[in-house]
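S.K.: Give me a 3D structure for the following:
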Amino acid sequence: MSDKRDFLSITDITAAETRQLVARALELKAAPPGSALPLAGKRVALLFEKPSLRTRVSFQIGIAELGGFSLYLGQDEVGLGQREPVSDVARVLSGYVDCIVARVNSHDSLVELAEYGSVPVINALSDLEHPCQTMADLLTIAETHGGTDGLNLAYIGDGNNVARSLCLGAPAVGMNFAIAAPYGYQLAESVFAAASDRGVRGDGGSRPTVHPLVRPSDAVANANVVYTDVWTSMGDEAEAEQRRRAFQGYTVDDALMAQAAPGACFMHDMPAHYGEEVPPGMLEHPQSVAYRQAHNRQYAQEAVLEFLLA
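M.R.: Model prediction:
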């Protein structure tokens, strides 16, 4: 399809489309399963180089509920870029399926899949971004707070793929974004510039702000959403001890949540490393919406699939 669109980055959709997809995800969540079948007759390949719980289950169930068929392909079966070139995989799969959902080690593999494939490619996680997670996060925030405009999101921890997509996604729905990270683990200045350019307030208020900070207490002041992720992402295991030292003081616990705005929610994309970014039991905290956030992956991804394929 010559006019096909890919979803490799949260920036592949406009601010208006981001709001549209969040609203559609809310509708899909409220609808009875099987009431809409926009993917009837559609075949989706799930091409995964990395292990997954939430991503695989949410995509497979979501595709089935929308009337489509999914095929899971692990790294041992495909050997992306090893057993055969990414370009060949893209061309071959494009002859079988209507969409490729790829969870990869390198973002470059996604770019190549999109370049040589003739069907839409969705980023189910790369080392650069995790846009499907961000769509689920925005859905959860809108659901929890009744909207997103004017809210303050504080991210505590590593400037990783999740932080990058959140930084680029939050301003597009009118949210202010602040990240507290140690020196050397912050997002690149270009990310903040791009995020600022995408900032839109749907209620006509002032333009959303993005702030790189160091101290967690500064980030959570007046925060409506406090978000954290693991200190050591998949692929960074060799740096685990170094990162544990660098991130001392960046644990999100009761004491830090008490410094946020009244009614603030706590979010974590999971899996959690208990004893590091959160203490044991934090995902069950009264202010936590982490499990709702995980379940919302399904509906956010359904909206993305419908947008690209229906």
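S.K.: which stretches of the stretch 1-150 of the chain form strands?
M.R.: 43-48, 69-74, 99-103, 121-125 (DSSP state E, counting those that start in this stretch).
S.K.: now those strands in a markdown table, with distance to residue 137?
M.R.: For the C-beta atoms, the positions are set from N, CA and C on the backbone; glycine is no exception. A markdown table is the format used below for these (distance: least, Cβ to Cβ, whole Å):
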| stretch | distance to residue 137 |
| --- | --- |
| strand 43-48 | 21 |
| strand 69-74 | 23 |
| strand 99-103 | 17 |
| strand 121-125 | 14 |
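S.K.: out of these, deepest packed?
M.R.: strand 121-125 (a mean of 27; mean count of other Cβ atoms under 10 Å).
S.K.: next one: it to chain centre, how far?
M.R.: Centre-to-centre, strand 121-125 and its host chain are 10 Å apart (Cα atoms, centre = their mean, to the nearest Å).
S.K.: Identify the residues contacting that strand?
M.R.: Identification of contacts with strand 121-125 by Cβ atoms under 8 Å, 6 or more residues apart in numbering yields 6-9, 46, 48, 50, 52, 55, 59, 90, 99-104, 107, 110, 113-114, 129-133, 161, 301, 304-305, 308.
S.K.: With stretch 159-168 instead?
M.R.: Stretch 159-168 is touched from outside by 9-11, 125-131, 133-134, 137, 153, 155, 157, 177, 179, 181, 185-188, 191-192, 194-195, 198, 210, 227, 229, 233, 269, with contacts defined as Cβ under 8 Å, 6+ apart.
S.K.: now do 7 Å
M.R.: 10-11, 125-131, 133-134, 137, 155, 177, 179, 181, 185-187, 191-192, 194-195, 198, 210, 227, 229, 233, 269 (Cβ atoms under 7 Å, 6 or more residues apart in numbering).
S.K.: Likewise for stretch 203-221?
M.R.: Contacts of stretch 203-221 (Cβ under 7 Å, 6+ apart): 149-150, 154, 156, 167, 171, 174-180, 182-183, 186-187, 192, 195-196, 199, 201, 226, 250, 256, 259-260.
S.K.: Restricted to strands, list those residues.
M.R.: 154, 156, 176, 177, 178, 179, 180, 226 (DSSP state E).
S.K.: Of those, keep whichever come out buried.
M.R.: 154, 156, 176, 177, 178, 179, 180, 226 (16 or more other Cβ atoms under 10 Å).
S.K.: Nearest to residue 118 among those?
M.R.: residue 177 (35.4 Å; Cβ to Cβ).
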